[in-house]
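Need the 3D shape of this:
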Amino acid sequence: MQLKNVVQPFGEVNVYKQSNGELEIVATILIVPDIEGARVGLALDGSASMKKIYGISGVVSSFFADAAVTQNVVEPVARVMVNYLANFSSTGKVDFIYWACGAAGELIEDLGSFSGEEIHNVIIKGPKIPWGTGTQLLPPVRFFIDKYKDAPVLGVKQPAAICLIITDGVIEDLEEVKEFCFKYALEVADGHKPFIKLLLIGVGKEIDEVQLEDLDNMFEGSFIKDSTGKEIDLWDYQTADNIQILEQIFKEFVSAETIVTHYGRILNQTGTVCEEYNFGVPAFMRFRLPPDSTSFTLEFSGGSVTQDISEALK
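Just a heads-up that it's a prediction; the model follows:
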C-alpha cells in the first residue's frame, strides 16, 4: 500500500505486508533530480466533468451567468507546473495539450510549446474543441510517444521524455493502455525506442485510485530490463492531495546510487534498529520492520524524521 500521508522529506512510502508478519518498506527521499535534457509534456483533462474547476459555470442562461461564476483553479496550477517543468526540458519549453476531448473522450487539442515565461500569457480555460464525455487515456499516450519518437535512446536511467497527464475521472480504456505500454516497454528494452516516463495525476473525488495503482504497478514482476539490467517502469501516479511540493512528481527518478547524507539508521517505534546506513543514506530505501511496527524513524547526522505507517495496517 502506498501511504497517502507522507512526511517530508519522503516523497513516497510503500508498505508491503510479508507472510511472516514483517513489513517491507520501500521509500524515496525528495531531491531535485538531475534529469536535464529530457523533453517534457503536460496533458490537462478536457472532459466535461472538469468544467467547474476551469471556472466554467454549468448554468446555460446568460441571465444567471454572473451569479454562477466559479474560480478557475486549473490555470494557476498549470502555469506553475509549466514554469517548473521547463527547467528540465532540453528545449526550455513544455509541450502542452488537452486530452479526453470529444464525444467519446478520444480527441487531443495541441496547444503548443511554452517556456516558463510564455505560459503566463496563455489563457487556460479548457479545450476549444468539444469537451469530452468520456476519458480515454491511450490517445495522449500515443501522442507523446509519437512526438518524442526521435529522442535519444539513453536507457532507463536518463528518460528521453517526461509526460504528466492530469485526470479527474475513471479511465475507460485501461486494458488497451496497458497492452500498448507493455509492447512499448519491450521495444525500449531492445533499444529500439526511447524511454518515456508517464506520470498520471488524479484530482478530485471521482478518480479511481485502484486504476491508478494498477498502472503504477503494471511492470512489477515483468522483468523487462534495459541493456544495463535496470527494470523498465513507464508509469507512476499521484493524487492531487499528495503533491505538496513540485519535486514530488519526480520521486521515481531517485535511485539507490544517490546518497543524501553520509550516515543514518532506521528504527521502529520501540527503538529497535532495523537498518543501518554506514556508507550513506540512499534516496531510494528498501528495508524491513518487525511485526507490529506502526512507524519508523530515520535518524541522520543532525536530526531525525518519523513516518507513521498505521494507515497501511488497517
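
buried sites along stretch 161-174?
Counting neighbours by 16 or more other CB atoms under 10 Å, one finds that the buried residues in stretch 161-174 are 161-169, 171-174. Every C-beta, even on glycine, is put in place using the N, C-alpha and C of the backbone.

Which of these fall within strands?
161-167 (DSSP state E).

Mind putting the residues you listed into TSV with distance to Ile145?
Converted to TSV, those look like this (distance: CB to CB, whole Å):
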residue	distance to Ile145
Ala161	8
Ile162	13
Cys163	9
Leu164	14
Ile165	12
Ile166	18
Thr167	18
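
of all these, which two lie farthest apart?
With CB to CB as the measure, no two of these lie farther apart than Ala161 and Thr167, at 19.0 Å.

which residues touch Gln71?
Taking CB atoms under 8 Å, 6 or more residues apart in numbering as the criterion, Gln71 is in contact with Gly55.

one more time with 10 Å, if that's ok
By CB atoms under 10 Å, 6 or more residues apart in numbering, the contact set of Gln71 is 52-55.

In TSV: those, plus distance to Val210, secondary structure and pLDDT.
Converted to TSV, the contacts of Gln71 look like this (distance: CB to CB, whole Å; DSSP: H, G, I helix; E, B strand; the rest coil; pLDDT from 0 to 100):
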residue	distance to Val210	secondary structure	pLDDT
Lys52	24	helix	84
Ile53	23	helix	82
Tyr54	26	strand	87
Gly55	30	coil	83
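
Just name the closest of these to Phe143, please.
Nearest to Phe143 among the contacts of Gln71: Tyr54, at 20.7 Å, using CB to CB.

is that closest one in a bridge, and if so with what?
With DSSP bridges applied, Tyr54 shows beta-bridge pairing to Asn72.

Make sure it is actually in contact with Glu75.
Yes - look at Tyr54 against Glu75 with CB atoms under 10 Å: they come within range, at 7.6 Å.

Just give the nearest non-adjacent residue to Arg265, would you?
Leaving out its chain neighbours, the residue that sits closest to Arg265 by CB to CB, 6 or more residues apart in numbering is Glu276, at 4.5 Å.

and the gap between that neighbour and Ser301?
Distance check for Glu276 against Ser301: by CB to CB, to the nearest Å, it reads 13 Å.

before we move on, what about Cys101?
Applying CB to CB, the value for Cys101 to Ser301 is 52 Å.

same check, this time on Ile97
Distance, Ile97 to Ser301, by CB to CB: 45 Å.
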